[in-house]
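K.L.:
Have a look; sequence and predicted model below, questions after that.
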Amino acid sequence: MSDVKIAWGLGADGVMRHISEVEKGKACGCICPSINCSSPLIANQGAIKAHYFSHQANTGCGGESALHLAAKQILEESASENLNLILPEVHGVFSCKDMAGEVIERAGVELSSFQLAEAKQEVKLSSELIADVMSQSVKGETLAVEIFVTNAKDELGKNKYRSVGIDAIEIDLSMLPWNIDRNELKESVLQTANRRWLYSKKKKALEKKLKLQVGDEISSINQSYLANILDIAQSLSTNLNIPNFSWPSLNATR
């Protein structure tokens, strides 16, 4: 028998069951949720040690898929209840130098909510990209959700979402205890676990707005610089008895 301890098993109906939700021993009727295993599990529910599932046979399975699959199912269940999914803050920043070399920078933060209406697991978005969960809000917005338990998305993974132009977040469950129960896991997935944007159209829009703000500010500053230069030039012309002539119009450009 494998010594691997997991708190979630896959029931015959395809629903993930926490160890607290099943009968003792082989009567639990669960199998390992790992797609490379699917071996029968035993519910160990003694009076001393923490309750856990173990494999009936020594399969060498690490049980890593249990929490991952449970989290995806919780998103599906939460969509049926129209619950809110907390999104990460959207941060934007843009900077540029004026004609004097001074850096002008503006930053912004936006918050948004996502009330789940639909959620579906393992949705193929391209030949190279399958979302853990593809969800839709009550407002008709779409959002891909990736669940991080053992492997976070790298730049390549982020670029895949950028290439298809679909908003996506990653929820980090890597620090959760192996035997977390259903209510705690649900709270973590929907609200409290660390999360980050893999791609956000709102971030692009915010950065565009900040770019315009910086551009307007730099244009104003540059016009002021040019006006001062013109005043100085005219003053020098008068004080040095240089014949008057018409100065060319000076216009700042972005």
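P.N.:
That came in fine, so what should we check first?
K.L.:
residue nearest the centroid of this structure?
P.N.:
Among the residues of the chain, Ile169 comes closest to the average C-alpha position under Cα atoms, centre = their mean, at 2.3 Å.
K.L.:
Tell me who's in contact with that one.
P.N.:
When the contact criterion is Cβ atoms under 8 Å, 6 or more residues apart in numbering, the partners of Ile169 are 87-88, 143-146, 195-198. All C-beta atoms are positioned from the backbone trio N, CA, C, and that covers glycine.
K.L.:
Please state the offset of the helix or strand harbouring Glu187 from the chain centre?
P.N.:
Remark: Glu187 resides in helix 182-187, with elements defined by DSSP states H and E. The chain centre lies 19 Å from the centre of helix 182-187; the measure is Cα atoms, centre = their mean, to the nearest Å.
K.L.:
Ile198 is in what secondary structure piece?
P.N.:
In this structure residue 198 is Leu, not Ile. If you go by DSSP H and E, Leu198 is part of strand 195-199.
K.L.:
And the helices in this protein?
P.N.:
65-80, 155-164, 182-187, 201-239 (DSSP state H).
K.L.:
how about the ones you listed, which one is nearest Glu105?
P.N.:
Nearest to Glu105 among the helices of the chain is helix 201-239 (7.2 Å), distances taken as Cβ to Cβ.
K.L.:
What is the neighbour count of Ala193?
P.N.:
Per other Cβ atoms under 10 Å, the neighbour tally for Ala193 reads 19.
K.L.:
biggest strand in this structure by residues?
P.N.:
strand 113-126 (DSSP state E).
K.L.:
buried ones in it?
P.N.:
Under the neighbour-count criterion of 16 or more other Cβ atoms under 10 Å, strand 113-126 has 114, 116, 119, 125 buried.
K.L.:
again with stretch 59-72
P.N.:
Residues 59, 61, 63, 65-72 are the ones in stretch 59-72 that count as buried (16+ other Cβ under 10 Å).
K.L.:
List the contacts of it.
P.N.:
Against stretch 59-72 from outside (Cβ under 8 Å, 6+ apart): 2, 4-10, 16, 18, 32-37, 39, 55, 121, 132-133, 147, 149-150, 171, 173, 176, 178, 180, 182, 185, 189.
K.L.:
hmm, which of those residues are the buried ones?
P.N.:
Buried members of those, counted by 16+ other Cβ under 10 Å: 2, 4-10, 16, 18, 32-34, 37, 55, 132-133, 147, 149, 171, 173, 176, 180, 182, 185, 189.
K.L.:
Quick check: Lys211 vs Ile171, distance?
P.N.:
30 Å (Cβ to Cβ, to the nearest Å).
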